[in-house]
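In: coordinates for the following, if possible.
(chains A and B)
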Amino acid sequence: MANLETQKLDNIIASRRALLVSGGAAALAAAFIPKEAKAVSYASTYVPADVDILNFALQLEYLEANFYYYAAFGVPITTAGNSLVTAAGGVNASTGIGVGPGTAATGATGSIIVKSNPKVPFATTAVAAYAAETAVEEGKHVNFLRSALGSSATAQPALDLQTSFVALGNAIGVANFDPFASDAFFLIGAYIFEDVGVTAYHGAAPLISTTTTGKTYLGAAASILAVEAYHGGLIRSTIKNLDPNNANGYLGYTDMISAVRAGASLKANPSAPNPDDVGLSSAVVTATSSPTTVSLAGTSVLSSTTADTNDAAFKIAFSRNPQQVLNIVTNGNALTALTKATGLFFPSGMNGVLS
Amino acid sequence: MDTIDFLVKKALSRRAFMAGAGSVAAATAIAGCSDDGTVALPVASVAYSDTDILNFALNLEYLEAEFYLYAATGKGLSTADIGTGTSTTGTGAGTTTAGTAIPGLTTAQQQFVNELADTEQEHVRALRAALGANAVARPNLNLTAAFTAAATAANTLTVPSGAQIPASFSPYTNFDAFNVGVFVFEDVGVTAYNGAAPLISPAGIAAGYLAAAAGIMAVEAYHGAAARTYLTASLIAAGGTTAAYPYLAYANQIAALRGLLSGGTIASPTGEKYLTTPTGTAPYTTTLPTISSLVPADANALAFARNTDQVMHIVYGTFSNTAGSTTPTAGVAAGGFFPNGLNGNIKVTQS
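Out: Numbers count the residues shown, from 1 in each chain, chains lettered A, B, ... in the order given. From the prediction side, this is the model:
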């Protein structure tokens, strides 16, 4: 797996913006870098290779795609000939989606920990349809990234879609949390992933090189970023519509999940905005939040956070660097220098250089 | 300082809108990133300065902010936010013709409208502060007749979901109509940013423009998803028939019009994916309904892209200066939401 050199490189990648500063036009960057980059304590001349960035994205897509496939179809993305996958229009439905390592990639294919019969017994047409659409789209992302990477595509790592959620459930006060149990818990589970995907792609995009090939990768990454944000928006909207006044506590769960993510993110990058995540109950008085007011036409009014999660002051989406993302998906185990991050969703860590 | 840094960064990020003025090579690279479905971007030869591009973006932000503010409060941007302009930066602040605050909203609905208004208002302020003395003033905006003109044009377009958007359509009548209004703007924003991201220069990337553009695009996508989800969920809740809930079909007709104005066809609308009506019988223990179409993306699940010309054809609601033409052509300088055109140097289509 990762040798000392690559681990050292991993550790160096603490801030994309630090990298950008060192990457050129330092004077410009000093003027224009956003506030969250101000306190980055160290910079580096190291810039990760495009394939490493895309492989980092691929590792996250393996996680998301399998979660949605299990939830919607009851099977992993590798399953061939599943009738539900076929009916929904899943990519490579007849053969299953490949997950093995390319000839130029290191790391072996891992197994997936998941409950038996994980298909969510959806009670509503809307949520079932959203789950199927999202599963199909995330599967396409896996397939697309593998195609783009070719022989450099890393294998699907070991994934945990069971005990990971139980651990997260404990963090938000839900015993034995099972995202495959119901429409609502599926949405809460999806909430855990999508905003993370947005911040990860947002953070990674500027790291991609400006070569012709890099431009192609960037176009793809930007397109996937937009799709992840659409997913995030649909999940947030649906949860809000399901429990508009937090009567069932769902909005409060999103607040707590966002707080967990923001905490892990902050530990990996102390100069990140605090918090760099916003739950859904901003305009509802709950145990964990107070109303958010904004000024419109000279009048102070209440505003929701239904539609997006963004910087409170400037209204652009948050971004996170790879280490912040790793620390979230491994539950705080990405803080030790020169050590592959393992835990939570990635019990054996990710495959690839950025791990 | 933080605010100033952000403002400059954010403003310059609007190089995103360079798509229509960027390099052919880069545009080819975008088109090449997908085996199928990704929009091939026609590219104009005119080069614009960063200021031109920022002002192009500011025009669009004025439009969105005014729409959401009027929908939320019945009032628009304050005098401090619209500028006075000079000969090189516009002709002085124009007037906005808009509707009244949406009546009968629930608390949650009002908060959602407020959220969008607040976001776009901040974007206007950010751009204006970044541009400083070079900021164009608010152009003349039309947020009433432009909607009915679009509805009239879309009315006859036959989309899979059926129904016909009434020629008298107003997004201010209720929350459902408002979401059709959101649909009109947000997906366009996503495609504009997405088409341009790979065209940002290395220096621009180093300066943080790309990061900011990506972050703004994400917010646009979140908003677009909220509207698409609301329309889809409402249709399902109403029983799934267009007769019972026509607003999703209205949105699809708008999508068809945008696709045509971008150079596509109704059957294959450029930069668009029609909303679908999921149907099935709950519970879905071993089955699934037909899937939704909440994400406008291609066969690889990659979001669509547009260039500045395509965006201008959409906001001008005009294909060509030749009456009756349905082929997007160069020379269109005004119309639709911008009755006197955009302020600034990017105001005439090059293709």
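
In: which helix or strand in chain A has the lowest average pLDDT?
Out: When the helices and strands of chain A are scored by mean pLDDT, DSSP states H and E, helix A:26-32 comes last with a mean of 27.

In: how about the residues of the stretch 51-200 of chain B near chain A?
Out: B:69, B:72-76, B:78, B:107-108, B:110-112, B:114-119, B:121-123, B:126, B:190, B:193-194, B:197-198 (Cβ under 8 Å from any Cβ of the partner chain). Glycine gets a C-beta too; all of them are placed from N, C-alpha and C.

In: PyMOL command for the buried members of the residues you listed?
Out: A single PyMOL command selects the buried members of these (16 or more other Cβ atoms under 10 Å in any protein chain shown):
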select buried, chain B and resi 69+72+73+75+76+108+110+111+112+114+115+116+117+118+119+121+122+123+126+190+193+194+197+198
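
In: among the residues of the stretch 51-200 of chain B next to chain A, which lie within helices?
Out: B:69, B:72-73, B:107-108, B:110-112, B:114-119, B:121-123, B:126, B:190, B:193-194 (DSSP state H).

In: now the strands for the chain?
Out: Unless you meant another one, I'm taking chain A. Using DSSP state E, the strands of chain A run over A:112-113, A:159-160, A:293-296, A:299-302.

In: oops, wrong one, chain B.
Out: Counting by DSSP E, the strands of chain B are B:96-97, B:141-142.

In: least confident of these, on average?
Out: For those, the weakest mean pLDDT is recorded on strand B:96-97, namely a mean of 92.

In: and for that one, what's in contact with it?
Out: B:66, B:70, B:76, B:77, B:138, B:140, B:141, B:142, B:143, B:144, B:145 (Cβ atoms under 8 Å, 6 or more residues apart in numbering or on different chains).

In: need the strands of chain B in CSV (columns: mean neighbour count and distance to residue B:236).
Out: Listed next are the strands of chain B as CSV, based on neighbours: other Cβ atoms under 10 Å in any protein chain shown; distance: least, Cβ to Cβ, whole Å:
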stretch, mean neighbour count, distance to residue B:236
strand B:96-97, 18, 35
strand B:141-142, 22, 34
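
In: minimum distance to residue A:54: which of the ones you listed has it?
Out: strand B:141-142 (41.7 Å; Cβ to Cβ).

In: check which helices and strands the closest one sits against.
Out: helix B:50-73, strand B:96-97 (3 or more Cβ pairs under 8 Å, 6 or more residues apart in numbering or on different chains; DSSP states H and E).

In: quick one: strands adjacent to it?
Out: As defined by DSSP bridges, the strand partners of strand B:141-142 come to strand B:96-97 (parallel).

In: how distant is the partner strand from the center of its chain?
Out: Chain-centre distance of strand B:96-97: 18 Å, with Cα atoms, centre = their mean, to the nearest Å.

In: show me the shaky parts of the stretch 1-150 of chain A.
Out: A:1-47 (pLDDT under 70).

In: would you map the helices across it?
Out: Ranges of helices within the stretch 1-150 of chain A are A:4-12, A:16-23, A:26-32, A:50-73, A:83-88, A:125-149, based on DSSP state H, counting those that start in this stretch.

In: for the stretch 151-300 of chain A, same thing?
Out: Under DSSP H, counting those that start in this stretch, the stretch 151-300 of chain A gives helices at A:163-171, A:183-204, A:212-242, A:250-268.

In: mind listing what's buried along the shortest one?
Out: Residues of helix A:163-171 classed as buried under the neighbour-count rule (16+ other Cβ under 10 Å) are A:164, A:165, A:168, A:169.

In: closest one of those to chain B?
Out: Proximity of these to chain B (Cβ to the nearest Cβ) peaks at residue A:165, which lies at 20.6 Å.

In: tell me the pLDDT at that closest one?
Out: 96.

In: let's have the strands of chain B in a markdown table, adding distance to residue B:275.
Out: Output for the strands of chain B, formatted as a markdown table (distance: least, Cβ to Cβ, whole Å):
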| stretch | distance to residue B:275 |
| --- | --- |
| strand B:96-97 | 29 |
| strand B:141-142 | 26 |
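
In: which regions of the stretch 201-350 of chain A sit below the pLDDT cut-off?
Out: A:282-291, A:297, A:312-314.

In: pull the contacting residues for whichever residue of it sits closest to chain B.
Out: Nearest residue of the stretch 201-350 of chain A to chain B (Cβ to the nearest Cβ) works out as residue A:233 at 2.8 Å. Residues in contact with residue A:233 (Cβ under 8 Å, 6+ apart) are A:307, A:308, B:221, B:222, B:223, B:224, B:225, B:226, B:229.

In: narrow those to those in helices?
Out: B:221, B:222, B:223, B:224, B:225, B:226, B:229.

In: distance of the first one from chain A?
Out: Summarising the geometry, the distance separating residue B:221 from chain A, computed by Cβ to the nearest Cβ, to the nearest Å, is 3 Å.

In: so who does the nearest residue to that residue once chain neighbours are set aside touch?
Out: Distances taken as Cβ to Cβ, 6 or more residues apart in numbering or on different chains place residue A:229 nearest to residue B:221, at 3.5 Å, with adjacent residues excluded. Applying Cβ under 8 Å, 6+ apart to residue A:229 gives the contacts A:198, A:308, A:317, B:217, B:218, B:219, B:220, B:221, B:222, B:225.

In: circling back to that earlier point, and the furthest pair within the ones in helices among the contacts of residue A:233?
Out: Longest span within those, Cβ to Cβ: B:221 and B:229, 12.0 Å.

In: more neighbours: which of those two?
Out: residue B:221 (31 against 27; other Cβ atoms under 10 Å in any protein chain shown).

In: look at the more buried one and report its pLDDT.
Out: 91.

In: ditto for residue B:279
Out: 95.

In: residues contacting it?
Out: With Cβ under 8 Å, 6+ apart, residue B:279 has these contacts: A:125, B:240, B:289, B:290.

In: for residue A:174, give its distance to residue A:168.
Out: 9 Å (Cβ to Cβ, to the nearest Å).

In: now list whatever residues contact both of the two.
Out: With Cβ under 8 Å, 6+ apart, residue A:174 and residue A:168 have no common neighbours.

In: quick revisit: please flag which of the contacts of residue B:279 sit within helices.
Out: residue A:125.

In: hmm, which of the contacts of residue B:279 is lowest in pLDDT?
Out: Ranking the contacts of residue B:279 by pLDDT, residue B:240 lands last with 92.
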